[in-house]
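**Student:** Could you look at this predicted model? Sequence included:
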Amino acid sequence: MGYAIRSVLLLGILTGLFLFVGNLIGGKTGMTIALVLAGIMNFLAYWFSDKIVLAMYGAREIPYEEAPWLHRMVEDLAQRANIPKPKVYLVPMEQPNAFATGRGPSNGAVAVTSGILHLLNERELRGVLAHEIGHIKNRDVLVATMAATIAGAISYLVNMLQFALLFGHSKEGENNNPLSLIASIAMIIVTPIIATIIQMAISRSREYMADEAGAKISGEPLALASALEKIHNYVHQIPTEVNQGTAHLFIENPLSGHGIWELFSTHPSTEKRIERLKELARQMGVYSY
């Protein structure tokens, strides 16, 4: 529940930033235009992102006859999560990874790479699939779309300010005011950065939520911790090309940073995720893997 509350608070802060910046830059009209433009783009992404992402990575749906054990595993986890069984896809990628997509439980899909099927044992893979089913159960695609819409609207507003400065259409009396010009330039630089940091923080909160949900669904938090460690080590030894716009979908982001750069990462550090899973295992009374 803590992560869910954090996501709501972060969305509220992002919305407040949009209202504050919008009122300063474009007034009610500017805010409305920016929100409509961002909303249209992300509405389309929300409805078609599953097909787009699956096609982008060459994923194909796995027939039941090809991997009945995998389908049974997904079906069992879905029943434990009390959601319909999602479709199962295979991504022809050597890097061990997995992701979930779909607008919600009624049309969810989980995708695994060929690399992860070779790297993980059955219990570890079960932990990963439970994590992805946790994303579907928590409707994380919807939350990510809401955050992207607000952040996108802020970017449109900042672009409006930049356009106004370039063509001298700032408010009356401000063209000759150096302090006003400096403040406007600072807003152009700083505001999108703040919006991005908040958006990434929301994404990291949802990863923690999916870890917790997955651990409880599978009943084996240490198996998920072991899987994350294996995936992390392999991903950082042999990185692969992943579209930055879809990096947040994967269970492990090869572009995730450390230190201050973690603020701009879609995922928490793997070390922190493993620590939290070990603590959850102690709370659940699970002491061995």
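**Tutor:** That came through fine.

**Student:** longest helix anywhere in this structure?
**Tutor:** Using DSSP state H to define each element, the chain has its longest helix at helix 178-218.

**Student:** Next SSE downstream of it?
**Tutor:** As assigned by DSSP states H and E, the chain's next helix or strand after helix 178-218 is helix 221-237.

**Student:** Buried residues, that following helix. List them.
**Tutor:** Judged by neighbour count using 16 or more other C-beta atoms under 10 Å, the buried positions of helix 221-237 are 221-228, 230-232, 234-235. The C-beta positions use only the backbone N, C-alpha and C, and glycine is treated the same way.

**Student:** Is residue 112 part of a helix or strand, or is it coil?
**Tutor:** Under DSSP: H, G, I helix; E, B strand; the rest coil, the three-state class of residue 112 is strand.

**Student:** That one: what's it in contact with?
**Tutor:** With contacts defined as C-beta atoms under 8 Å, 6 or more residues apart in numbering, the neighbours of residue 112 are 70, 88, 89, 90, 91, 97, 98, 125, 128, 129.

**Student:** which one of these has the most neighbours?
**Tutor:** When neighbours are taken as other C-beta atoms under 10 Å, the top entry among these is residue 129 (30 neighbours).

**Student:** How much space separates residue 11 from residue 146?
**Tutor:** From residue 11 across to residue 146, the span is 6 Å (C-beta to C-beta, to the nearest Å).

**Student:** same check, this time on residue 29
**Tutor:** Distance of residue 29 to residue 146, computed by C-beta to C-beta: 23 Å.

**Student:** When the two are compared, which one has more neighbours?
**Tutor:** A count of neighbours by other C-beta under 10 Å puts residue 146 above the other of residue 29 and residue 146, at 18 against 9.

**Student:** tell me the SS of that one?
**Tutor:** Following three-state DSSP, residue 146 is assigned to helix.

**Student:** And the pLDDT for residue 83?
**Tutor:** Listed pLDDT for residue 83 reads 96.

**Student:** Burial check on the residue nearest to it when sequence neighbours are not counted, number of neighbours?
**Tutor:** Counting by C-beta to C-beta, 6 or more residues apart in numbering, residue 105 is the residue found nearest to residue 83 once chain neighbours are left out, at 3.8 Å. Residue 105 is flanked by 18 other residues according to other C-beta under 10 Å.

**Student:** and what of residue 189?
**Tutor:** 10.

**Student:** how about it, what does it touch?
**Tutor:** Residue 189 makes contact with no residue under the criterion C-beta under 8 Å, 6+ apart.

**Student:** From what I see, residue 210 and residue 136 are in contact.
**Tutor:** No: with contact defined as C-beta atoms under 8 Å, residue 210 does not count as touching residue 136 (9.2 Å).

**Student:** show me where the stretch 51-200 of the chain has helices.
**Tutor:** Here the stretch 51-200 of the chain has its helices, by DSSP state H, counting those that start in this stretch, at 68-81, 114-119, 122-137, 140-166, 178-218.

**Student:** name the helices or strands packed onto the first one?
**Tutor:** For helix 68-81, the packing partners by 3 or more C-beta pairs under 8 Å, 6 or more residues apart in numbering; DSSP states H and E come out as strand 87-91, helix 122-137, helix 178-218.

**Student:** mind listing what's buried in it?
**Tutor:** Within helix 68-81, the residues that count as buried by 16+ other C-beta under 10 Å are 70, 71, 73, 74, 76, 77, 78, 81.

**Student:** ditto for the shortest one
**Tutor:** Residues of helix 114-119 classed as buried: 115, 116, 119 (neighbour count, 16+ other C-beta under 10 Å).

**Student:** and if you look at the fourth one?
**Tutor:** For helix 140-166, the neighbour count (16+ other C-beta under 10 Å) marks 140-141, 143-158, 160-161, 164-165 as buried.

**Student:** Likewise for the third one?
**Tutor:** By neighbour count, and taking 16+ other C-beta under 10 Å as the criterion, the buried residues in helix 122-137 are 124-137.

**Student:** From residue 118, how far off is the most centrally placed residue in the chain?
**Tutor:** Among the residues of the chain, the one closest to the centroid is residue 248, at 3.7 Å (C-alpha atoms, centre = their mean). In this view, residue 248 and residue 118 are 25 Å apart by C-beta to C-beta.
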